[in-house]
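>>> What follows is a protein structure lacking sequence information:
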C-alpha cells in the first residue's frame, strides 16, 4: 500500500487523499466534511456510481438490490455488519436497481441481490444470492 489512499466522498464525490496509516481513523471529506470510511454502506444513485468507483482506490463492493426483494432485505443487516468489519479495507455500497435501472442494465444485473467487486474502477468478480456477514467478508477480501 502506498503512503496515501484515494477515497471518494459518497456525499459530494470529491476525491480525498487519506494517509494510509490513518484509514482506520474514520477520515472526513476535505470538501464537505462527510464521513469517508464510517463502516456503513454508502447508498449511491445512478449518476454517483461511476465517479465513486473510479475515484476510490480501495476495492468497492456493490450490492445491487431492490426494496421488494425478500433475500435483499434479509441480507441488508449482514451487509451492514460486513461493512463495519471491512471499513478500512473495502468500501461497501448499495445500488437500488429500481432507481438505477440503466446502471443495472449496463452491468448485466439479472438477479438480485447481486454483489460486484470493483478494483481500480473495474469489475473483478461477482456473485448472485444472499450471503451472511462472514461469507461477505471472506468473498470480498
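Arrived safely. Everything numeric in this text was worked out from a predicted model, so none of it was measured. Residues are numbered from 1 along each chain as shown.
>>> What are the boundaries of the strands in the chain?
For the chain, the strands defined by DSSP state E cover 4-8, 15-19, 42-43, 60-65, 91-96, 114-119, 122-128.
>>> Name the residues that touch stretch 79-95?
Outside of stretch 79-95, the residues within contact range by CB atoms under 8 Å, 6 or more residues apart in numbering are 7, 10, 23-24, 37-44, 46, 49, 52, 56, 58-65, 103-104, 117, 133, 136-137, 140-141. (Glycine included, C-beta is placed from N, CA and C.)
>>> a markdown table please, covering the strands of the chain and showing mean pLDDT.
A markdown table is the format used below for the strands of the chain (pLDDT from 0 to 100):
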| stretch | mean pLDDT |
| --- | --- |
| strand 4-8 | 96 |
| strand 15-19 | 96 |
| strand 42-43 | 96 |
| strand 60-65 | 98 |
| strand 91-96 | 98 |
| strand 114-119 | 98 |
| strand 122-128 | 97 |
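>>> highest average neighbour count across those strands?
Across the strands of the chain, averaging neighbours per residue (mean count of other CB atoms under 10 Å) puts strand 60-65 on top, at a mean of 25.
>>> Which strands or helices does it pack on?
helix 46-54, helix 70-86, strand 91-96, strand 114-119 (3 or more CB pairs under 8 Å, 6 or more residues apart in numbering; DSSP states H and E).
>>> mind checking which of these is nearest residue 2?
Nearest of these to residue 2, taken as CB to CB: strand 114-119 at 14.7 Å.
>>> what lines up beside that closest one in the sheet?
strand 60-65 (antiparallel), strand 122-128 (antiparallel) (DSSP bridges).
>>> What is the neighbour count of the residue nearest to residue 37 when sequence neighbours are not counted?
Computed as CB to CB, 6 or more residues apart in numbering, the closest residue to residue 37 that is not its neighbour in sequence is residue 87, at 5.3 Å. When counting by other CB atoms under 10 Å, one arrives at 19 neighbours for residue 87.
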